[in-house]
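J.: Build me a model:
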Amino acid sequence: MNTNLTINSLQPIPILIGITGHRDIDQKHIEKIKKGTLVALQALLAKYSSSPIFLVTGLAEGADQDVANWALSLGIGIVGLLALSEKEFICDFSSEKHKQEFHKLLRMSTLNLIAPPIGSPRPVCYENVGKWMTEYCPILIAVWDGNCTNPKPGGTADVVNSFLNQNSKNSGNDLLIPNNLVIHIRTPRVSSPDFVPEDQIGKIVEIGRKMNGICLADLIDNENSKHVQNQKNETLILSLERIVKNSVMIRNLKQ
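T.: Residues are numbered from 1 along each chain as shown. From the prediction side, this is the model:
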């Protein structure tokens with residue numbers, strides 16, 4: 001498992017995009033969902049052209065794996081953020097196909113981490129993935145039907161809600177990133193296929209906290225663009241330590 005990797009980069013602060021979504025996506029509509037997600041990712045690449053962008057994915061079956069593959073097809077690096085150790089996590093897959101896909105993506109990841117704190121009870125480990133994304137990702141892609149009724153802890157609705165409301169819940173932690181943006185890709189699931197109207201499948205909806213209409217990722221990219229010419233020969237170490245340091249840098253951009 002990759003835990004630390006040196007990569008060539010012109011920019012000091014990576015923009016991390018989290019992904020959360022259903023495991024049981026209705027495959028009848030996968031091409032519409034793929035198209036909407038690719039449009040969203042391409043728009044982010046164009047908008048934040050001064051910054052290295054990475055997709056943070058839990059690599060679970062369903063949306064996590066699908067969006068990871070779509071991101072890789074655009075040249076976006078992925079960060080595997082696992083709920084459990086590889087040995088434990090593999091037990092939660094429903095088929096050998098998804099297990100093989102997991103191992104493939106694990107090898108292709110720029111960096112792989114286990115969401116802390118390690119050793120939590122199994123259900124809490126899945127909640128920790130969403131909490132980590134809330135702390136370090138200014139943008140979240142939600143491949144989701146939008147159903148907020150009875151959210152399951154650590155499930156898609158719970159992660160979205162936590163992501164949008166983390167500023168009020170965690171105001172004492174100065175490393176947290178407020179003004180998060182959620183890009184919602186409207187996605188039906190097998191267990192409730194009619195929740196999303198057919199003409200809305202794959203459509204993109206932006207929701208979230210913004211400062212004067214500006215997502216915090218805008219500030220990061222603006223800061224990066226100031227330094228591009230001076231850092232052509234620098235190397236970025238992408239690691240958990242580096243990401244935490246970047247959170248301090250991001251906090252300072254707001255002051």
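J.: ends of stretch 20-32, how far apart?
T.: End-to-end distance of stretch 20-32: 17 Å, with C-alpha to C-alpha, to the nearest Å as the criterion.
J.: buried residues in the one helix or strand Asn165 maps to?
T.: Element membership of Asn165 [criterion: DSSP states H and E] is helix 156-169. The neighbour-count check on helix 156-169 (16 or more other C-beta atoms under 10 Å) flags Thr156, Ala157, Asp158, Val159, Val160, Asn161, Ser162, Phe163, Leu164, Gln166 as buried. All C-beta atoms are positioned from the backbone trio N, CA, C, and that covers glycine.
J.: Identify the residues contacting the first one.
T.: Right, Thr156. Thr20, Gly21, His22, Ala63, Ala142, Val143, Trp144 (C-beta atoms under 8 Å, 6 or more residues apart in numbering).
J.: Give me the number of neighbouring residues for the residue nearest to the second one when sequence neighbours are not counted.
T.: To tie it back to what came earlier, the one meant is Gly21. Leaving aside its sequence neighbours, Gly21 sits nearest to Ala63 (C-beta to C-beta, 6 or more residues apart in numbering; 2.5 Å). Ala63 has 27 neighbouring residues, counting by other C-beta atoms under 10 Å.
J.: Check the one 3 residues further on too.
T.: Here the number of neighbours of Asp66 (other C-beta under 10 Å) works out to 22.
J.: where does the stretch 151-255 of the chain dip in pLDDT?
T.: 166-179, 209-214, 227-255 (pLDDT under 70).
J.: in it, which spans are strands?
T.: 181-186, 204-208, 235-238 (DSSP state E, counting those that start in this stretch).
J.: Show me what the second one is in contact with.
T.: It stands for strand 204-208. 36, 39-40, 140, 163-164, 179-186, 215.
J.: Tell me which residues touch the residue nearest to Leu111 when sequence neighbours are not counted, please.
T.: Of all residues not flanking Leu111 in the chain, Val79 sits nearest, at 4.8 Å (C-beta to C-beta, 6+ apart). Contact analysis of Val79 by C-beta under 8 Å, 6+ apart lists Leu16, Phe54, Leu55, Val56, Thr57, Ser109, Thr110, Leu111, Asn112, Leu113, Leu238.
J.: Next, the buried residues of the longest helix along the chain.
T.: Secondary structure of the chain per DSSP state H: the longest helix is helix 30-47. Residues of helix 30-47 classed as buried by neighbour count (16+ other C-beta under 10 Å): Lys32, Ile33, Lys34, Gly36, Thr37, Ala40, Leu41, Leu44.
J.: Next SSE downstream of it?
T.: strand 53-57.
J.: residues making contact with the next helix or strand after that following strand?
T.: Later in the chain than strand 53-57, the nearest helix or strand by DSSP H and E is helix 63-73. With C-beta under 8 Å, 6+ apart as the test, helix 63-73 has contacts from 19-23, 25, 30, 33-34, 37-38, 41, 55, 57-59, 77-78, 98, 101-102, 105, 108, 141, 143, 156, 187.
J.: Quick check: buried residues in helix 63-73?
T.: In helix 63-73, counting by 16+ other C-beta under 10 Å, buried: Ala63, Asp64, Gln65, Asp66, Val67, Ala68, Trp70, Ala71.
J.: Next: stretch 187-207.
T.: Thr187, Pro188, Arg189, Val196, Ile201, Gly202, Lys203, Ile207.
J.: unless I'm mixing things up, the fifth one is touching Arg186, no?
T.: Yes. Taking C-beta atoms under 8 Å as the contact criterion, Ile201 and Arg186 are neighbours in contact, 6.0 Å apart.
J.: Fine by me, we can end here.
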